[in-house]
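K.L.:
What follows is a predicted protein model with its sequence.
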Amino acid sequence: MFDVIIKGASLSYDSKPVFTGLNLTLKGGQWTCLLGGSGVGKTSLLRFIAGLNISSQDVSVSGTALCQDGFELNQRIAWMAQQDLLLPWFSVLDNITLGQRLRSPVFRRQKVASEHLEQAKDILNRVGLSDKVQELPQNLSGGQRQRVALARTLMENRPVVLMDEPFGALDAITRLNLQDLACELLHNRTVLLITHDPLEALRLGHQVYHLQGHPARLTDPIVPPGAIPRSLDNSQLMSLHGQLLERLRHEEAA
Ligand SMILES: Nc1ncnc2c1ncn2[C@@H]1O[C@H](COP(=O)(O)OP(=O)(O)OP(=O)(O)O)[C@@H](O)[C@H]1O
């Protein structure tokens, strides 16, 4: 397992800096959670790490995001967004194997290769959707759709997973269940999770950072005790939650 090291990350849109000189290490095989107010630059930082912010006339980018072992980072990343981004005319199976099919030679794209079919069925089983293989996304609940999105992320089988508020639109119980499932299935991956929810960050994060200010900077990390996903009946967690909410409230007001 390798760390992902972000050094001197700077990004401006139309000469307005969103963040400058940010340093952050995503520890290999651990979850790093990033909190921050709307518009502070969380998604921009995720895009920076994924190499999706290309310098142009309006966007200026500098700094590096590198794997500690020296290999290219962008081939090792899977991305999970808040919207499930499922194609409505494709079945669950076709949606989660889309990446594999797009990477096959053109004449084979219509059909899922047998090794991918087996892998997809195994993953759908693990996310509890083995009875929805041929279903269209419109016939699924919000939680089921996000489970398909998680299955698609797992199909990519990448060691680094960038998650942009993937549970944000779900009800409280579905959200807790999906947090637990993601934790189990992404065990040993290096995960960066953006969330607006301090409790989610404290349940899932080995390290929890807060991005704040203009240009944005990272606060020192909080390192909650215990294995993830942390239980909600853990009094230490609830006390940290209270402290973190107070801290966020004061920092936002400052
Ligand atoms: N392509 C763009 N061109 C110009 N400005 C942009 C562009 N993308 C984002 N911004 C601006 O950069 C800032 C950071 O945006 P970003 O999407 O990274 O914030 P965020 O913290 O992810 O917000 P949210 O939590 O609301 O999704 C915002 O002020 C936004 O308006």
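P.N.:
That came in fine, so what should we check first?

K.L.:
CA atoms only: put stretch 20-31 into PDB for me.
P.N.:
Output in PDB follows, covering the C-alpha atoms of stretch 20-31 (Å, rounded to 0.1, in the frame of the first residue of the first chain):
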ATOM      1  CA  THR A  20      -2.700  27.900  -2.700                       C
ATOM      2  CA  GLY A  21       0.200  25.700  -1.600                       C
ATOM      3  CA  LEU A  22      -1.900  23.000   0.000                       C
ATOM      4  CA  ASN A  23      -0.100  19.900   1.300                       C
ATOM      5  CA  LEU A  24      -1.900  16.700   2.200                       C
ATOM      6  CA  THR A  25      -0.900  13.000   2.500                       C
ATOM      7  CA  LEU A  26      -3.600  10.400   2.000                       C
ATOM      8  CA  LYS A  27      -2.300   7.400   4.000                       C
ATOM      9  CA  GLY A  28      -2.200   4.200   2.100                       C
ATOM     10  CA  GLY A  29      -5.100   1.800   2.900                       C
ATOM     11  CA  GLN A  30      -6.800   4.400   5.100                       C
ATOM     12  CA  TRP A  31      -9.800   6.800   4.800                       C
END
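
K.L.:
List the contacts of the most centrally placed residue in the chain.
P.N.:
Note on the chain: the residue nearest the mean C-alpha position is residue 163, at 1.0 Å, using CA atoms, centre = their mean. The contact partners of residue 163, by CB atoms under 8 Å, 6 or more residues apart in numbering, come to 79-80, 182, 191-194. The way it works is simple: take the backbone N, C-alpha and C, and place the C-beta from them, glycine included.

K.L.:
Past whichever helix or strand it is part of, which element shows up next along the chain?
P.N.:
Assigned by DSSP states H and E, residue 163 belongs to strand 160-164. Remark: after strand 160-164, the chain's next helix or strand is helix 172-185, criterion DSSP H and E.

K.L.:
those helices in the stretch 101-250 of the chain, which residues are they?
P.N.:
Assigned by DSSP state H, counting those that start in this stretch, the stretch 101-250 of the chain shows helices spanning 114-126, 142-156, 172-185, 198-204, 235-253.

K.L.:
Around the ligand, which positions in this structure sit nearby?
P.N.:
13, 18, 36, 38-44 (CB under 6 Å from any ligand atom).

K.L.:
Now do the strand holding residue 163 and helix 142-156, the angle between them.
P.N.:
150 degrees (axes from the mean of the first three to the mean of the last three CA atoms, to 10 degrees).

K.L.:
So what angle separates the directions of strand 160-164 and helix 172-185?
P.N.:
Between strand 160-164 and helix 172-185, the angle comes out at 170 degrees (the same axes, to 10 degrees).

K.L.:
in its sheet, what does strand 160-164 sit against?
P.N.:
strand 77-80 (parallel), strand 190-194 (parallel) (DSSP bridges).

K.L.:
Which of the residues of the chain next to the ligand ranks first by neighbour count?
P.N.:
residue 41 (26 neighbours; other CB atoms under 10 Å).

K.L.:
buried set for stretch 196-210?
P.N.:
Judged by neighbour count (16 or more other CB atoms under 10 Å), stretch 196-210 contains these buried residues: 197-210.

K.L.:
For the residues you listed, could you give me CSV that also reports pLDDT?
P.N.:
Shown next, in CSV, are these (pLDDT from 0 to 100):
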residue, pLDDT
197, 92
198, 94
199, 94
200, 95
201, 96
202, 96
203, 96
204, 97
205, 97
206, 97
207, 97
208, 96
209, 96
210, 93
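
K.L.:
Against residue 64, how distant is residue 10?
P.N.:
11 Å (CB to CB, to the nearest Å).

K.L.:
neighbour count winner among those two?
P.N.:
Between residue 10 and residue 64, residue 10 has the larger neighbour count (other CB under 10 Å), namely 16 against 11.
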